[in-house]
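A.B. asks: Sequence and computational prediction follow.
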Amino acid sequence: MLIFAHPWLFLLLPLPWLICHFSPDHHERKAAVRVPFLQRLSRLSGQQVGSGVALARRPLSQWLVLTVAWLLVLTAMARPQWLEEPVINEIPMRDLLVAVDLSGSMEAQDFTDADGNTVDRLTAVKQVLDAFFARRDGDRVGLILFGSAAFVQVPFTDDLDVVRELLDEAQIQMLGPRTMLGDAMGLAINLFERSDVDERVLIVLTDGNDTGSLVPPERAAEIARDNGVVVHTVAIGNPAAVGEQALDEKTLKNIAQMTGGGYFHANDTEELESIYGHLDEINPRQVETQSYRPLTDLYDWPLAAAVLLTLLYIMMLEIRLRYVSRQLDKLAPTEQAG
């Protein structure tokens, strides 16, 4: 759609006529030229020879060119713009962080994938998380990996393909065999401090208990609650296990309860998928939409047309003057001979 940024400038359209009509005429004394072939020049030009004041009048073509050129210049000054279709941008209103346990117990092959094959726990987690991330369009997602230490694999980003690719590259025990759950939560809280969105969600996925974090998990949960971080805990270990491989369900439940999140336990791939479906219902996708309509300036078109029209008219005048000059050169010897 064509619009004008300054349409009021078209009110200046009659300005040249007003100046010409109300301003005093221009007077200028010029020396007369006596020519011996005045009568023939009068016949060729179609004007009668007179005496006294000579009034210079613009031809109709000049008036037309000046009028059109002035209209084009005004159009350019009014700044014509082409208003394009609206462009809608969706800004994420939630930061979603996933912490994945890579301790040695994740290599236990007690999960069955969609094809019926027995896979280790991390492989099952990767498959389900990959589908989960694929549905997070509109969220900023981050990824923390933890074992004997916690590491930010992917800071918050809306490039979900990068998150899925780097998750696929994660390997069991790449950060050591132990489970530093509290340190992973503490690292997540530090990462959330750089976030400026209101809704902050952390999903912790582990199959063991904390084995010596500098910050105990329940203390980390208190800090998360004070910082507005909702923590969902997903347990995928065996509750009957003992030792370092034991699953501390009590702590995971307390973490979820303290922060307003949910506790889930998965024994197979289908349960994992249902957990993430439930999380979608608890934390639906939220975005803030911003729309704008791109504007393309078109002032250069009428301005170029005005310049081109003026140049063409000047060229036509120059051609005409040269033609008249050649005709006069031919007439002068003839008159002298007469």
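C.D. replies: That came through, no problem.
A.B. asks: can you give me the helices for the stretch 101-250 of the chain?
C.D. replies: Taking DSSP state H, counting those that start in this stretch as the criterion, the stretch 101-250 of the chain contains helices spanning 121-134, 160-168, 181-192, 217-226, 249-259.
A.B. asks: Those: which one's closest to residue 299?
C.D. replies: Shortest distance between residue 299 and the helices of the stretch 101-250 of the chain, using C-beta to C-beta, is found for helix 160-168: 41.4 Å. C-beta coordinates here come from the backbone N, C-alpha and C atoms, glycine included.
A.B. asks: Output the contacting helices and strands for the closest one.
C.D. replies: helix 121-134, strand 140-146, strand 150-157 (3 or more C-beta pairs under 8 Å, 6 or more residues apart in numbering; DSSP states H and E).
A.B. asks: Which positions within it qualify as buried?
C.D. replies: Neighbour-count burial for helix 160-168, with 16 or more other C-beta atoms under 10 Å as criterion, is recorded at 160, 163, 164, 167.
A.B. asks: which residues touch it?
C.D. replies: The contact list for helix 160-168 (C-beta atoms under 8 Å, 6 or more residues apart in numbering) reads 100, 126, 129-130, 133-134, 136-137, 141-143, 153-154, 157.
A.B. asks: can you put the residues you listed in TSV and add neighbour count and pLDDT?
C.D. replies: What follows is these, written out as TSV (neighbours: other C-beta atoms under 10 Å; pLDDT from 0 to 100):
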residue	neighbour count	pLDDT
100	23	93
126	17	89
129	21	88
130	15	88
133	20	85
134	12	82
136	19	76
137	12	71
141	24	89
142	22	92
143	24	94
153	19	93
154	20	92
157	13	88
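A.B. asks: Now distance to residue 292 too, for those, in a markdown table please.
C.D. replies: Formatted as a markdown table, the contacts of helix 160-168 follow (distance: C-beta to C-beta, whole Å):
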| residue | distance to residue 292 |
| --- | --- |
| 100 | 38 |
| 126 | 39 |
| 129 | 35 |
| 130 | 34 |
| 133 | 29 |
| 134 | 28 |
| 136 | 25 |
| 137 | 21 |
| 141 | 26 |
| 142 | 28 |
| 143 | 32 |
| 153 | 34 |
| 154 | 30 |
| 157 | 23 |
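A.B. asks: hey, where'd the strands end up in this structure?
C.D. replies: Remark: strands assigned in the chain by DSSP state E are 2-4, 80-83, 87-92, 94-101, 111-112, 118-119, 140-146, 150-157, 199-206, 229-235, 263-265, 287-292, 295-297.
A.B. asks: Format those strands as a markdown table; extra columns: distance to residue 251.
C.D. replies: As requested, the strands of the chain are exported to a markdown table (distance: least, C-beta to C-beta, whole Å):
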| stretch | distance to residue 251 |
| --- | --- |
| strand 2-4 | 62 |
| strand 80-83 | 58 |
| strand 87-92 | 30 |
| strand 94-101 | 14 |
| strand 111-112 | 23 |
| strand 118-119 | 27 |
| strand 140-146 | 15 |
| strand 150-157 | 17 |
| strand 199-206 | 10 |
| strand 229-235 | 9 |
| strand 263-265 | 10 |
| strand 287-292 | 34 |
| strand 295-297 | 57 |
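A.B. asks: surely residue 223 meets residue 186?
C.D. replies: Yes - using C-beta atoms under 8 Å, residue 223 is in contact with residue 186, at 7.3 Å.
A.B. asks: Touching both of the two, which residues are there?
C.D. replies: Common neighbours of residue 223 and residue 186 (C-beta under 8 Å, 6+ apart) are residue 215.
A.B. asks: follow-up on the earlier one: among the strands of the chain, which is nearest residue 328?
C.D. replies: Here strand 80-83 is closest among the strands of the chain (C-beta to C-beta), at 45.8 Å.
A.B. asks: Other residues contacting the closest one?
C.D. replies: 1-5, 293-299, 301-302.
A.B. asks: so what strands line up beside that strand?
C.D. replies: Neighbouring strands of strand 80-83 in its sheet, by DSSP bridges, are strand 2-4 (antiparallel), strand 295-297 (antiparallel).
A.B. asks: Against residue 110, how distant is the residue lying closest to residue 137 once chain neighbours are set aside?
C.D. replies: Leaving aside its chain neighbours, residue 137 sits nearest to residue 160 (6.9 Å; criterion: C-beta to C-beta, 6 or more residues apart in numbering). Separation of residue 160 from residue 110 (C-beta to C-beta, to the nearest Å): 29 Å.
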